[in-house]
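Q: Task: produce atomic coordinates for the following.
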Amino acid sequence: MTAGPARHFSGRKPWDEDTTLWVSWIIQTDDLRIFFSGDTGYHAGFKEIGERYGPFDVTLLENGAYNTDWPEVHMQPEETLQAHLDVGGRCLVPIHNGTFDLATPMMGERLSLAQPQARGTWWRLG
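A: Numbering: from 1, shown residues only. The predicted model follows:
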């Protein structure tokens, strides 16, 4: 495992703002290369990660809690796709720390990182 760059503010109280760093993770085994973005906004570091550590079999990229008011800390769907392309990903799994509006898989569902597949649009009502 290698820590990589991410872009997000840190701290939960007025006096601890930006006193810690957020990271992404590059996970490499003999059989599988995974990139986990963590909670992040889009940044140039994705291209650098792809050039240095890519390509990746699976990218787990933040995409579940975005808003145009938060461009520095959360990615819009098109930025998530661009980050996937930047790091050289083969299979994209959209994620975001327990939110589910655009994330996959369904909460509690198991997912094989060696053979990920689309699970449908379970989050849509009706």
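Q: contacts, neighbours, all on C-alpha from now
A: Noted.
Q: Kindly confirm my reading that Q82 is in a helix.
A: Yes: using DSSP: H, G, I helix; E, B strand; the rest coil, the assignment for Q82 is a helix.
Q: and it, how many neighbours does it have?
A: If you count neighbours by other C-alpha atoms under 10 Å, Q82 ends up with 16.
Q: same deal with R90?
A: 13.
Q: Can you tell me how far the residue nearest to it when sequence neighbours are not counted is from A6?
A: Spatially, and ignoring its direct neighbours in sequence, R90 is nearest to D57 (5.1 Å; C-alpha to C-alpha, 6 or more residues apart in numbering). Per C-alpha to C-alpha, to the nearest Å, D57 is found 20 Å from A6.
Q: State the mean pLDDT of stretch 52-66.
A: On average, the pLDDT along stretch 52-66 is 89.
Q: Show me where the protein dips below the pLDDT cut-off.
A: Scanning the chain for pLDDT under 70 picks out 11-12, 20, 64, 97-107, 117-126.
Q: At the geometric centre of it, which residue sits there?
A: Centroid-nearest residue in the chain, with C-alpha atoms, centre = their mean: L61, separated by 1.9 Å.
Q: ok, the helix or strand harbouring that one: who's next to it in the sheet?
A: Assigned by DSSP states H and E, L61 falls within strand 56-62. Note on strand 56-62: by DSSP bridges, its sheet partners are strand 33-36 (parallel), strand 89-95 (parallel).
Q: Deepest in the core, which of those is it.
A: Mean neighbours per residue, mean count of other C-alpha atoms under 10 Å, is largest over the strands paired with strand 56-62 for strand 33-36, with a mean of 23.
Q: Quick one: distance of that strand to the chain centre.
A: Strand 33-36 sits 9 Å away from the centroid of its parent chain (C-alpha atoms, centre = their mean, to the nearest Å).
Q: mind exporting that strand as PDB, just the C-alpha atoms?
A: Only the C-alpha atoms of strand 33-36 are listed here, as PDB (Å, rounded to 0.1, in the frame of the first residue of the first chain):
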ATOM      1  CA  ARG A  33      -3.800  -3.200  -8.800                       C
ATOM      2  CA  ILE A  34      -6.400  -1.000  -7.000                       C
ATOM      3  CA  PHE A  35      -6.600   2.800  -6.700                       C
ATOM      4  CA  PHE A  36      -8.800   4.200  -3.900                       C
END
